[in-house]
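**Q** Sequence first, predicted coordinates after that:
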Number of protein chains: 2
Amino acid sequence: MFLAALALFVPATAFAAGDEGGHGGTFPLVFFFLAVMLLFARIGALAERFGQPAVLGELLLGVVLGMVAWVPGLGVVESLKHEVLVKDIAEIGVILLLFRAGLESNIGEMAKVGKNALFVALIGVALPFVAGFLVSQALLPGLDTNVYLFIGATLTATSVGITARVFKDLGTSKSPEAKIVLGAAVIDDVLGLMILAVVSSIIKTGSLDPTQIAIISAKAFAFLSGSILLGQFLSPRTSALFSKVHTGHGMKMAIALIFCAGFAYVAALVGLAPIVGAFAAGLVLDPVHFKGFLPPAIVTRLRAWADSHPQEGVRKEMEEHAEHEEHAHVENLIEDISRFFVPIFFVYTGLQVNLAVFGDLKIVGVALVITVVAVLGKLAAGLAAGKGKNRLLVGAGMVPRGEVGLIFAGIGRELGVVDDRLFATIVIVVILTTLITPPALSVIAKRAAAKAEAAPKAA
Amino acid sequence: MFLAALALFVPATAFAAGDEGGHGGTFPLVFFFLAVMLLFARIGALAERFGQPAVLGELLLGVVLGMVAWVPGLGVVESLKHEVLVKDIAEIGVILLLFRAGLESNIGEMAKVGKNALFVALIGVALPFVAGFLVSQALLPGLDTNVYLFIGATLTATSVGITARVFKDLGTSKSPEAKIVLGAAVIDDVLGLMILAVVSSIIKTGSLDPTQIAIISAKAFAFLSGSILLGQFLSPRTSALFSKVHTGHGMKMAIALIFCAGFAYVAALVGLAPIVGAFAAGLVLDPVHFKGFLPPAIVTRLRAWADSHPQEGVRKEMEEHAEHEEHAHVENLIEDISRFFVPIFFVYTGLQVNLAVFGDLKIVGVALVITVVAVLGKLAAGLAAGKGKNRLLVGAGMVPRGEVGLIFAGIGRELGVVDDRLFATIVIVVILTTLITPPALSVIAKRAAAKAEAAPKAA
């Protein structure tokens, strides 16, 4: 429908006629394009119905939307994907995404799995980084050292969201393996953001000066660990602040956004990526401290309804609802606007993939080899899971690169170190590692369960 | 808090250091500014607690935020308010606002009050237009005719939202007077958008060529009435489409946005303002046709809960909840993102007010005289309310200019016909007409009720 509409209403002059005023030039077309991106994102999110993460579908539909530019008369899509407004909205999306990642990073839970998660994370960062550097150097000789550094850095990422979802679907999110994976993924996020800071600094300054690297590492470390400490110290106070605000959802959303945007800005001021700041803001406003900050009156009323109901089934359903209301946290506040901005980021990333590069079969080969390296590096990390743990399950859980890999690719592109071919390669690695994880985890978990059942019989 | 943060973290070099990449230049600062705008909007919305419309508070807090630029070290606010991203987000806000206005415009209800509403609307548009033109010409002689035309056009607007809210608060939203006001306000919106199209065209082409005026009027008329007809024809089909989409809220929101953005773009293509298209899209997706499009399963379950509950109070409350769920309409779909974009528009408008112009007391005087003209014009329109109606109540209900007046002022500013002084003047007129309406309506309604009570006794 919209394709027909686009073809019908996009005369070649639409851009030429654009005026500066914004009321009647390209702005309405860009806004329409954003709406189309959102629709594509929603169609892509249907991937969840096939047991795949929404991210994957959104990314792929972005690639599809990019192909629309090849349709005669729709070349305008090629210009639209470079529009500043589209880019800025995608950037707000990625900042909100990292803010949410910070909010979801439960430091307390992470500390509990402690040593094992730390080892898994460290190996899962170091191995793919070194392997990615060496393998890309071997496969694509003659490029700048920065390129190999960046590919290595991209492979360090772990997307906790996808694995967490699969563990939940399998009913094993409370297992020791799940806890290690989730803990390690958070550490990976922190380490990954530090590596990003260092690698970006190397690329920008063009030198491998150890003093520079030490300074930027210290900055990133201070920023992130400072935020964790600040969070522990501030949370009772911020919690109190949020519970005192009785002016509805909107005001709390604004305060949460002020935190997120303020930290992102401060990060930029000290020379770090804004996403590092957004992640740190999420750590400061760690959701566990916001339990019960919704007006208690709502919860009380729901509980009263539930208690007074004669049917047990209904009573239970209502109690669960009350529970859900009571445990609502700061994340819910930005859910509404995330629903608009975040999918735009994924579609935007897909849009930037130039499929033409795959005409060169070598690129496809490189993408596949790097994917294998990416998988093996994380599987090896699983070996550090400790005695009595299913090491394969832990390793497989660390495989998906998801959004974090995409963010790295996007930043590399802006720094000028990732070209069209590398960008497409990284997107393929992200897609493949993300695609294979849900079925792989499911098979490994089921096999382990079958084995555990068979073992006592054999004994 | 954020002021201190701003002062602390905005070195004079922040802008100079901006890079094109977006990851580390001005972008994070602009995003932070947007978050601050949103917080100011929320604080402004507290006006509702004092019986004033949220719009008013948001606008005033925007003016306050603009004053922050005078604080030493915070001059950066002056540049931030001209940032493209801020402007574009405000523009998305105003498009969503007009889309909602279209959704709220119930054509069926309007047809019922028919002739009376039409007369009230016509007089309420014609009188303020002519009076605004003549009075501004007398007060501000020597300006371009276009300026007087634009001031006249701005005074034609009626903001239905504010009056609707007051009638609702007074419990009289079903009264004949309320229906006439709401019907006339919708006609005013349509007429106002047509006048905007014509006046904009005159300003752009610089000629009062009757053929041109006829063409643009015909276009605007065809666009708006075509949308109404299309809506009547399409609504069963779109209703069916929406009820078939079972992929959650997000997909429906995307489809609603596609409608809105698509119409806005088509309007721009045929030379009309995008807001005309957005309003027309709202007419096409008129909410009454979307009753019951939420998954019926939810409603059924809620009804079952309600029916099986022994306590009557709880049962009633639950039934109301089910009713609410069943009657949810397309407007709810864009509520989430409206909560972000729309308040940004009002704060943005307030930001553009240059308070320095009021140093010239003449401007204040002009603003007051135009406000009086604006009030009298609409009060006179109330005389056409018909026999047996409270004409004063109808007239007073038409007084607030609200968001529509602001939109006109903004467009006039972009067309270069409204300068700083006139912009501030129009904002003052909007603020005053909006400010006096709630208490005035309340007094008039109560006096009428007292009179009605006293009358039978006297008889």
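**A** Thanks, I have it. What you see is a predicted model, and the numbers here were worked out from it, not measured in a lab.
**Q** make it CA atoms for all contacts and neighbour counts henceforth
**A** Will do.
**Q** Which residue, neighbours along the chain excluded, lies closest to A:I92?
**A** A:F341 (6.5 Å; C-alpha to C-alpha, 6 or more residues apart in numbering or on different chains).
**Q** distance of A:L283 from A:L230?
**A** From A:L283 over to A:L230 the distance is 9 Å, taken as C-alpha to C-alpha, to the nearest Å.
**Q** And these two? Which one has more around it.
**A** Shown here are A:L283 and A:L230; by other C-alpha atoms under 10 Å in any protein chain shown, A:L283 has more neighbours (28 against 16).
**Q** quick one on the thing from earlier: now the residue nearest to A:I92: how far from B:G262?
**A** When A:F341 is compared with B:G262 (using C-alpha to C-alpha), they lie 19 Å apart.
**Q** Who has more neighbours out of the two?
**A** Comparing A:F341 with B:G262 by neighbour count (other C-alpha under 10 Å), the higher total belongs to B:G262, at 27 against 24.
**Q** name the element the more buried one belongs to?
**A** Using DSSP states H and E, B:G262 sits in helix B:249-269.
**Q** Give me the helices and strands touching that helix, please.
**A** If you count contacts as 3 or more C-alpha pairs under 8 Å, 6 or more residues apart in numbering or on different chains; DSSP states H and E, helix B:249-269 packs onto helix A:2-9, helix A:27-45, helix B:84-104, helix B:274-284, helix B:330-351.
**Q** I'd like those laid out as TSV, including distance to A:G365.
**A** Below are the helices and strands packed on helix B:249-269 laid out as TSV (distance: least, C-alpha to C-alpha, whole Å):
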stretch	distance to A:G365
helix A:2-9	34
helix A:27-45	26
helix B:84-104	40
helix B:274-284	48
helix B:330-351	43
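**Q** Ok, which of those helices comes nearest A:A126?
**A** helix A:27-45 (32.5 Å; C-alpha to C-alpha).
**Q** And that closest one, how far out from the chain middle?
**A** Helix A:27-45 has its C-alpha centroid displaced from the chain centroid by 20 Å (C-alpha atoms, centre = their mean, to the nearest Å).
**Q** which residues touch it?
**A** Taking contacts as C-alpha atoms under 8 Å, 6 or more residues apart in numbering or on different chains, the residues outside helix A:27-45 that touch it are A:2, A:53-62, A:65, A:80, A:83, A:85-86, A:340, A:343-344, A:346-348, B:88, B:92, B:250-251, B:254-255, B:257-258, B:261-262, B:264-265, B:268, B:274.
**Q** Which positions within stretch A:221-229 qualify as buried?
**A** For stretch A:221-229, the buried set under the neighbour-count rule, 16 or more other C-alpha atoms under 10 Å in any protein chain shown, comprises A:F221, A:F223, A:L224, A:G226, A:S227, A:I228.
**Q** Would you mind pulling the contact partners of it?
**A** Contacts for stretch A:221-229 (C-alpha under 8 Å, 6+ apart): A:I107, A:V190, A:M194, A:A267, A:V276, A:G277, A:A280, A:A281, A:L283, A:V284.
**Q** What of stretch A:173-191?
**A** Identification of contacts with stretch A:173-191 by C-alpha under 8 Å, 6+ apart yields A:105, A:109-111, A:113-114, A:116-118, A:120-122, A:124-125, A:156-160, A:164, A:167, A:172, A:224, A:385, A:389-391, A:393-394, A:397-398.
**Q** out of everything not next to it in sequence, what's closest to A:L97?
**A** In space, A:L97 is closest to A:V342, 6.4 Å off (C-alpha to C-alpha, 6+ apart).
**Q** where does the stretch 51-200 of chain A dip in pLDDT?
**A** Where the stretch 51-200 of chain A drops to pLDDT under 70, the residues are A:108-110, A:113, A:160.
**Q** What residue, apart from its backbone neighbours, is nearest the residue in the stretch 101-250 of chain A that chain B sits nearest to spatially?
**A** Nearest residue of the stretch 101-250 of chain A to chain B: A:G250, at 6.6 Å (C-alpha to the nearest C-alpha). The shortest distance from A:G250 to any non-neighbouring residue, by C-alpha to C-alpha, 6+ apart, is to B:R42 (6.6 Å).
**Q** Give me the neighbour count for the closest residue to A:I334 other than its chain neighbours.
**A** Counting by C-alpha to C-alpha, 6+ apart, A:I334 lies nearest to A:M253, which is 6.0 Å off, once chain neighbours are set aside. Look at A:M253: counted by other C-alpha under 10 Å, it has 26 neighbours.
**Q** if I look at A:M253, how far off is B:A273?
**A** In terms of C-alpha to C-alpha, A:M253 sits 32 Å off from B:A273.
**Q** Could you do A:K81 as well?
**A** Taken as C-alpha to C-alpha, the span from A:K81 to B:A273 is 24 Å.
**Q** What is the end-to-end distance of stretch A:99-111?
**A** 20 Å.
**Q** circling back to that earlier point, list the contacts of the residue nearest to A:L97.
**A** Here A:V342 is in contact with A:A90, A:I92, A:G93, A:V94, A:L96, A:L97 (C-alpha under 8 Å, 6+ apart).
**Q** For the longest helix anywhere in chain A, buried residues please.
**A** For chain A, the helix with the greatest residue count under DSSP state H is helix A:420-458. By 16+ other C-alpha under 10 Å, the buried positions in helix A:420-458 come out as A:421-435, A:437-438, A:441-442, A:445.
**Q** Look at A:F290 and report its pLDDT.
**A** With respect to pLDDT, A:F290 scores 47.
**Q** Give the buried subset of the contacts of helix A:27-45 as a ChimeraX selection command.
**A** ChimeraX command restricting the contacts of helix A:27-45 to the buried ones, with burial defined by 16+ other C-alpha under 10 Å:
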select /A:53,54,55,56,57,58,59,60,61,62,65,80,85,86,340,343,344,346,347,348 /B:88,92,250,251,254,255,257,258,261,262,264,265,268,274
